[in-house]
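Student: predicted coordinates and the sequence they were generated for:
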Amino acid sequence: MAIRNCFDSRSFIFTSPRGPIHLPVDIDMVSFLLVNTSARGYHQRLAVVDALSGQSFTYLELHHHIRSVARAISALGIRQHDVVLILSPNSIFFPVLFFAVISLGAVVTTVNPLYTRGEIGKQAKNSNTKLILTVPELAEKVMNLGLPVILIDGVESVSNPDTSCRNPTRMLSEVIAAGSQHRVPSVKINQTDTAALLYSSGTTGVSKGVVLTHMNFIAACLQINYDSDVHQETDLTFLCIIPMFHVFGLSIIVYGQMQRGNTIITMPKFDFVLMLQSIQKYRITNLPLVPPIMLALAKQEVVKKYDLSSVIEMVSGAAPVGKETLEEIYQRLKVPDLRQGYGMTETTGIISVAILKVQKQNYATVGPLICGMEAVIVDPSSGKRQPPNQQGEIWVRGPNVMKGYLNNPEATASTIDGDGWLHTGDLGYIDDEGNVYIMDRLKELIKFKGLQVPPAELEALLVTHSEIVDAAVVPLPDEDAGEVPLAYVVRAQGSSLNEQDVIQFVAAQVAPYKKVRAVKFIDAIPKSTAGKILRRELTQHLVSKL
């Protein structure tokens, strides 16, 4: 793979060494899925299986349930462009709900089940949610938001529904039965229409709604599956332990693999031993993971008790994983294709991934750009584009790049420039063979086990404490989680506030993964003349003390 195939010395633009991407026209993402799985005769193939209960849907059943749920929520008044919020752990019903909403031309916004009531309410308000779909055990978190709620109890109609019920909370099976004769209004869905609003902190700041279109999902699906298509890999079985509310689980696994007719084995919550049992029981072929699980596979002795020989590909995403860990996994499991990928919510989950079936594995790289994607490496100081092997900020452009941030033109303009380049906030370089290397982050996000923790959100919360004058949050390296939030806190004069007081104050108000794990007290937070927190100074101070 020569550099002449993926670097233009005149424009300094890197392209993919893979072949071109061929995007379909005039078809929405759900139709693209249904047409493909029907045309290939996948009706009796298993689409999704619950690893814990064994409950499953074939592709024929999946198609039927998508249409049934679409009729039901349409009968409730959901129309094109309306937003429906899904609050649920992984389940066989999650894809049904996701595709049913989008098939109407409506929009899905997903929420982490660990979010507090306040966090969910903030997202519902920002996205202008019209309906909430959730499971009974999470219902308490959404009951006081003033929105109708449907509880997910399955997708089979009940025989005698109580259609007189006017309670804002209803069971999904009841709603399906009540809407069974409803005719769904015909709508024209364009590829530029919004399909999903996935909340991300982007390169800086508080959480923002990432507007992902039908074309974004279609493009990402074709891009992530390019290598498998080249090698004619079909009838694969993926284990989905990545949360389906996350772009990795939703775009790369749920949509990306169901569109190709592959089988997804899902788990409602992560359990390492159940994961190993499921790999052995269902003969999992493809294992998308995050770094903490990769580390466990490399280190834990229980792995040796299970037959994992069916796995032909293991790919890590959401955060970097050390090449040493990957080398340990290969020595232990001999997985033929062990690789890393790189993506963002703003790129529908994918930017680059190592190429399948290469003779020499390079575990230090996140691979070459996916097909259809361009990149430039830009020196943050001078703004000049860099040649191969020179470090700078990674900017990318392609059909999988978001439309923008919801109702936030300033944030959109600061992330996507006039030429369509998305400024990732990541520092790295591209080598002579087109491989992308991630070295550091300009952006301020903390990645806790692959989940985003925005420092600005925690800082805003900390300063509401009566004894905290100022605060800054930075990443603290952690072997298990990758990074954990560490708070630098300026106490009020005379305050006796201690570390546990601060940790408990934050923990009571945020999802568990966002909790502050360590606290350092400081006289003043370093800031620029414009008032911006100089986190890099704090991070350097922290590193010098480790």
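Tutor: Now that the structure is in, tell me what you want to look at.

Student: next, count neighbours for Tyr513.
Tutor: When neighbours are counted by other C-beta atoms under 10 Å, Tyr513 registers 17. Bear in mind the C-beta positions are built from the backbone N, C-alpha and C, glycine included.

Student: where does Val502 fall, secondary structure wise?
Tutor: helix 499-507 (DSSP states H and E).

Student: which strands and helices sit next to that helix?
Tutor: Using 3 or more C-beta pairs under 8 Å, 6 or more residues apart in numbering; DSSP states H and E as the contact criterion, the neighbours of helix 499-507 among helices and strands are helix 455-462, strand 482-491, strand 518-521.

Student: contact partners of that helix?
Tutor: 458, 461-462, 465, 468, 487, 489, 514-519 (C-beta atoms under 8 Å, 6 or more residues apart in numbering).

Student: mind putting those in JSON lines, distance to Val211 included?
Tutor: Written out in JSON lines, the entries for those read as follows (distance: C-beta to C-beta, whole Å):
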{"residue": "Leu458", "distance to Val211": "25"}
{"residue": "Leu461", "distance to Val211": "26"}
{"residue": "Leu462", "distance to Val211": "30"}
{"residue": "His465", "distance to Val211": "34"}
{"residue": "Ile468", "distance to Val211": "35"}
{"residue": "Ala487", "distance to Val211": "32"}
{"residue": "Val489", "distance to Val211": "36"}
{"residue": "Lys514", "distance to Val211": "24"}
{"residue": "Lys515", "distance to Val211": "29"}
{"residue": "Val516", "distance to Val211": "31"}
{"residue": "Arg517", "distance to Val211": "32"}
{"residue": "Ala518", "distance to Val211": "35"}
{"residue": "Val519", "distance to Val211": "36"}
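
Student: can you select the buried ones among those for me in ChimeraX?
Tutor: Only the buried entries of the contacts of helix 499-507 go into this ChimeraX selection, using 16 or more other C-beta atoms under 10 Å:
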select :458,461,462,465,468,487,489,514,515,516,517,519
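
Student: out of the contacts of helix 499-507, which is nearest to Gly425?
Tutor: When those are compared for distance to Gly425 (C-beta to C-beta), Leu458 comes out closest, at 18.3 Å.

Student: pLDDT weak spots in the chain?
Tutor: 1-4, 155-168, 201-206, 319, 359, 443, 528-532, 543-546 (pLDDT under 70).

Student: would you map out the domains in it?
Tutor: Structurally, the chain divides into domains by automatic domain parsing as follows: 3-22+201-441, 56-190, 448-545.

Student: so Val149 makes contact with Thr169?
Tutor: Yes. When contacts are counted by C-beta atoms under 8 Å, Val149 is listed as touching Thr169 (4.6 Å).

Student: what sits in contact with each of those two?
Tutor: Between them, Val149 and Thr169 share these contacting residues under C-beta under 8 Å, 6+ apart: 139, 143.

Student: ok, those two, which is more surrounded?
Tutor: With neighbours defined as other C-beta under 10 Å, Val149 and Thr169 compare such that Val149 has more, 19 against 15.

Student: and that one, how far is that from Ile92?
Tutor: Per C-beta to C-beta, to the nearest Å, Val149 is found 21 Å from Ile92.

Student: for Arg535, which non-adjacent residue is spatially closest?
Tutor: Spatially, and ignoring its direct neighbours in sequence, Arg535 is nearest to Val474 (5.3 Å; C-beta to C-beta, 6 or more residues apart in numbering).

Student: ah, wrong one, I meant Tyr199
Tutor: With C-beta to C-beta, 6+ apart as the criterion, Tyr199 has its nearest non-adjacent residue at 4.7 Å, and that residue is Ser207.

Student: re the thing from before, so the residue nearest to Arg535 is in which element?
Tutor: Assigning secondary structure by DSSP H and E places Val474 in strand 468-478.

Student: could you do Asp480 as well?
Tutor: Using DSSP H and E, Asp480 sits within no helix or strand.

Student: look up phi and psi at the nearest residue to it once chain neighbours are set aside.
Tutor: Distance criterion C-beta to C-beta, 6+ apart; nearest residue to Asp480, sequence neighbours excluded, is Pro292 at 5.8 Å. The phi and psi torsions at Pro292 (degrees, to the nearest 10) take the values phi -60, psi -30.

Student: was I right about the residue nearest to Arg535 contacting Gln540?
Tutor: No. At 9.8 Å, Val474 does not count as touching Gln540 under the criterion of C-beta under 8 Å.

Student: who has more neighbours, the two?
Tutor: Set side by side, Val474 and Gln540 show unequal neighbour counts under other C-beta under 10 Å, the larger going to Val474 at 22 against 12.

Student: output the contacting helices and strands for the strand holding Val474.
Tutor: In terms of contacts (3+ C-beta pairs under 8 Å, 6+ apart), strand 468-478 is packed against strand 446-448, helix 455-462, strand 482-491, helix 535-545.

Student: could I get these as JSON lines with distance to Ile78?
Tutor: As requested, the helices and strands packed on strand 468-478 are exported to JSON lines (distance: least, C-beta to C-beta, whole Å):
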{"stretch": "strand 446-448", "distance to Ile78": "34"}
{"stretch": "helix 455-462", "distance to Ile78": "30"}
{"stretch": "strand 482-491", "distance to Ile78": "37"}
{"stretch": "helix 535-545", "distance to Ile78": "42"}
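
Student: so which of these gets nearest Glu393?
Tutor: Among those, helix 535-545 comes nearest to Glu393, with 14.2 Å by C-beta to C-beta.

Student: hmm, who's touching the closest one?
Tutor: Outside of helix 535-545, the residues within contact range by C-beta under 8 Å, 6+ apart are 444, 455, 472, 474-476, 486, 488, 520, 525-526.

Student: do you know which of the helices and strands packed on strand 468-478 lies nearest Leu131?
Tutor: Judged by C-beta to C-beta, the one of these that comes nearest to Leu131 is helix 455-462, at 26.1 Å.

Student: now that closest one and helix 535-545, what's the angle there?
Tutor: Here helix 455-462 runs at 90 degrees with respect to helix 535-545, directions being taken by axes from the mean of the first three to the mean of the last three C-alpha atoms, to 10 degrees.

Student: buried sites along the helix holding Val502?
Tutor: Using 16+ other C-beta under 10 Å, the residues of helix 499-507 that count as buried are 502-503, 505-506.

Student: ranges for the helices of the stretch 301-450 of the chain?
Tutor: Per DSSP state H, counting those that start in this stretch, the stretch 301-450 of the chain carries helices over the ranges 323-333, 409-415.

Student: would TSV of these with mean neighbour count and distance to Asn435 be doable?
Tutor: Compiled in TSV, those are given as follows (neighbours: other C-beta atoms under 10 Å; distance: least, C-beta to C-beta, whole Å):
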stretch	mean neighbour count	distance to Asn435
helix 323-333	16	12
helix 409-415	15	25
